[in-house]
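Chemist: The following block contains a protein sequence and its predicted model.
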Protein chains: 2
Amino acid sequence: MARDLVIGVDLGGTNVRSAVVGDGGVISHHAKLSVSGSTSADEVIDHIVACVGQTMASCGRERVRGVGVGTPGLIIEETGTIVFAPNVPGWTDLPLKSLLEQRLDLPVMIENDANAAAIGEHWVGGGAGYKHLVCITLGTGVGGAIIINNQVWRGANGAGGEVGHTTVIENGVLCGCGAPGCLEAYASAPAIARQAREALHTDEESVLRTMCGGDPGQITSAMVSQAAQEGDAVALAVMHRAGTLLGVAVASLTNLLNPEIFVIGGGVINAGDLIFDPIQHEIEKRAYKWSASILKVVPARLGDDAGIIGAARYFVISD
Amino acid sequence: MARDLVIGVDLGGTNVRSAVVGDGGVISHHAKLSVSGSTSADEVIDHIVACVGQTMASCGRERVRGVGVGTPGLIIEETGTIVFAPNVPGWTDLPLKSLLEQRLDLPVMIENDANAAAIGEHWVGGGAGYKHLVCITLGTGVGGAIIINNQVWRGANGAGGEVGHTTVIENGVLCGCGAPGCLEAYASAPAIARQAREALHTDEESVLRTMCGGDPGQITSAMVSQAAQEGDAVALAVMHRAGTLLGVAVASLTNLLNPEIFVIGGGVINAGDLIFDPIQHEIEKRAYKWSASILKVVPARLGDDAGIIGAARYFVISD
């Protein structure tokens, strides 16, 4: 039987998910396992193997050509080794590619999760048809990836594309990375929730007070987005601020890289124009007209599946 | 006789300069003409042709293989057409390559001046031996160029590399480009002079008051640099501020592009450690350790000749 199927895997901090990825990025045979209780690399790898096993059991193991894995962390591309990852236990100096190849008895490719999502969006998502793009994902962090001439730019030692760690406020809020004023400290989902909590320290009225059941600690970026869409002034100001600082970074990147398109994904983009309008405003204010004249800024189209689809791309032959 | 020589040309706002560029970037047969009185593209082209003529007269016209021209402005690479340039009269929608080929009866290549300088520094200057570099030139403006995999990244429509128009202060000083808070508005030579003038509005003592003959309007960045090297507190603060904001941009670029090296040139770098120390400080404060661990920041080595040498590179065969 022909080995006509490819499996994509997306490892996150909470779950590992896998699926068969076919021509045109069509996915099927989903599986999902929790990894949140894991305390070691071995346990995480066990979960990955089990998850892939579920997908293979349903699609037929003998048909699988290879397994592409998107994972958090810094990766040595040539060897598929994880140098480190902040949020996965044991994910340090780990030869993940060879470990998984032994366990699965199949060819494996390892890709950084932000790069995998960008490869997916570039292949069959919001960036399809463009050669030069920047992908930004507004989630727990602000992920980024740069594709130039249809190739992911990984940087000199594998750490390129960190759009989220562009300084947008010189002496701003301390980011999780340790630096002040990174974009991630203003435009990630937790940063949006934090800014809403801070705004509630004043006496201003806001539906967020009700939404969070009186405990501002319970505020999420989804609540802020919903409140903003209902016209709540506090929530609107927070979303506008996040969108504006994202726009400052996008405008700088436009002048620097002159890409064709920004593809912006992650849960935060459910706020729609509340995020995209201030980005456009900052581009008009700051970017060179010539660069801006060809520039598009679009939402990501593949949602949570971008990473699975992109991770599998390497082994997909037909398009 | 073999066509064994290449001529490089650097067009600036004040002068056009040309020279023979040989193996290893060695240059000879310099010529220089003023272009500052020119009022049309024809006049500027006449000066370029005359300048190249002087170099050819001394090296032997029949030995010249081609002429590479570095010029301000946005260039369509394929055709060698200038789309526009802010500071050269008539430099709009100008098919400079074909016009010069007709006038010189030789193959001509046109390159943006910042890119030409970067190509020169990459070939035989501060960036020699590196594949991935960012060049920043602190002069009348803050020029930039990105080289990835030994190739200049020109952007999707030719406008890439504008490091000087990265936002470093969200609502900062208005830059010449029309945007607020660009790096150029703080770290170019005129910006350094401006910040020194502003500092003198206070009553603080400064040798700059004597240096400028009592007229702060006469202050230059060279004066600020000299005063800083003499320990003048006002001048030190201004240079430190310029270096710090340059460092903020360099750190963001390190996270974004993960290059091997920054090569920093232009008259402002005569201030030496007064500029380079704050850059290092901001890298340590803001850049990912992994990216920073391989990163070098070095002064440019070719001075004013970088553009001539880089412009000629295309036609140089032997190395």
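Modeler: Everything's here; your move.
Chemist: what ranges do the strands span in chain A?
Modeler: Using DSSP state E, the strands of chain A run over residues A:5-11, A:15-21, A:27-34, A:64-71, A:74-76, A:81-84, A:108-112, A:133-138, A:142-148, A:151-152, A:261-265, A:296-299.
Chemist: ok and the residue in the stretch 51-200 of chain A nearest chain B?
Modeler: Chain B sits closest to residue A:155 of the stretch 51-200 of chain A, with a gap of 2.5 Å, by Cβ to the nearest Cβ. For glycine as for every other residue, the C-beta is placed from the backbone atoms N, C-alpha and C.
Chemist: Surely that residue and residue B:132 touch.
Modeler: Yes: in this structure, residue A:155 is within contact of residue B:132 by Cβ atoms under 8 Å, at 7.5 Å.
Chemist: Between those two, which is the more surrounded one?
Modeler: The neighbour comparison of residue A:155 against residue B:132 (other Cβ atoms under 10 Å in any protein chain shown) goes to residue A:155, with 25 against 22.
Chemist: ok, how many other residues are close to the residue lying closest to the more buried one once chain neighbours are set aside?
Modeler: The shortest distance from residue A:155 to any non-neighbouring residue, by Cβ to Cβ, 6 or more residues apart in numbering or on different chains, is to residue B:258 (2.5 Å). Residue B:258: 27 surrounding residues under other Cβ under 10 Å.
Chemist: Closest to the centroid, which residue in chain A?
Modeler: residue A:137 (4.1 Å; Cα atoms, centre = their mean).
Chemist: residue contacts, residue A:184?
Modeler: By Cβ atoms under 8 Å, 6 or more residues apart in numbering or on different chains, the contact list for residue A:184 reads A:141-142, A:164-165, A:175-177, A:191.
Chemist: ok, and of those, which contact chain B?
Modeler: Residues of these in contact with chain B (Cβ under 8 Å from any Cβ of the partner chain): A:165, A:177.
Chemist: and the contacts of residue A:184 as CSV, adding pLDDT and distance to residue A:125?
Modeler: Shown next, in CSV, are those (pLDDT from 0 to 100; distance: Cβ to Cβ, whole Å):
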residue, pLDDT, distance to residue A:125
A:141, 92, 20
A:142, 95, 18
A:164, 97, 19
A:165, 97, 24
A:175, 95, 27
A:176, 92, 27
A:177, 92, 27
A:191, 97, 25
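Chemist: which residues sit in contact with the closest residue to residue A:309 other than its chain neighbours?
Modeler: Once flanking residues are discounted, residue A:309 sits nearest to residue A:120: 3.8 Å by Cβ to Cβ, 6+ apart. Neighbouring residues of residue A:120 by Cβ under 8 Å, 6+ apart: A:25, A:302, A:305-311, A:313.
Chemist: ditto for residue A:119
Modeler: A:111, A:145, A:147, A:152, A:309-311, A:313.
Chemist: now the nearest residue to residue A:236 once chain neighbours are set aside: how far from residue A:219?
Modeler: Leaving out its chain neighbours, the residue that sits closest to residue A:236 by Cβ to Cβ, 6+ apart is residue A:228, at 4.8 Å. As judged by Cβ to Cβ, to the nearest Å, residue A:228 and residue A:219 stand 12 Å apart.
Chemist: can you check residue A:75 too?
Modeler: Distance, residue A:75 to residue A:219, using Cβ to Cβ: 34 Å.
Chemist: circling back: which of the contacts of residue A:119 count as buried?
Modeler: Buried by 16 or more other Cβ atoms under 10 Å in any protein chain shown: A:111, A:145, A:147, A:152, A:309-311, A:313, out of the contacts of residue A:119.
Chemist: Name the residues linked to residue A:146 by a beta bridge.
Modeler: For residue A:146, the beta-bridge partners are residue A:134 (DSSP bridges).
Chemist: May I ask you to confirm that it is in contact with residue A:134?
Modeler: Yes: using Cβ under 8 Å, residue A:146 is in contact with residue A:134, at 5.5 Å.
Chemist: Return every residue with contacts to both of those two.
Modeler: With Cβ under 8 Å, 6+ apart as the test, residue A:146 and residue A:134 both reach A:163, A:257, A:259.
Chemist: Tell me who's in contact with the last one.
Modeler: Put plainly, it is residue A:259. A:132-134, A:146, A:148, A:253, A:295, B:155-156.
Chemist: Would you mind measuring from the closest residue to residue A:173 other than its chain neighbours to residue B:250?
Modeler: What sits nearest to residue A:173 in space, not counting adjacent residues and going by Cβ to Cβ, 6+ apart, is residue A:185, at 4.3 Å. Separation of residue A:185 from residue B:250 (Cβ to Cβ): 19 Å.
Chemist: same question, residue A:111
Modeler: 28 Å.
Chemist: and if you look at residue A:258?
Modeler: 19 Å.
Chemist: got it, and residue A:240?
Modeler: To residue B:250, residue A:240 is 29 Å away according to Cβ to Cβ.
Chemist: Can you pull the residues of the stretch 151-300 of chain A lying near chain B?
Modeler: A:153-163, A:165-170, A:177, A:179-180, A:182, A:245, A:248, A:251-253, A:255-260, A:285-288, A:290-291, A:293-294.
Chemist: Any of these buried? List them.
Modeler: With neighbours counted by 16+ other Cβ under 10 Å, those contain buried members at A:153-163, A:165-170, A:177, A:179-180, A:182, A:245, A:248, A:251-253, A:255-260, A:286-288, A:290-291, A:294.
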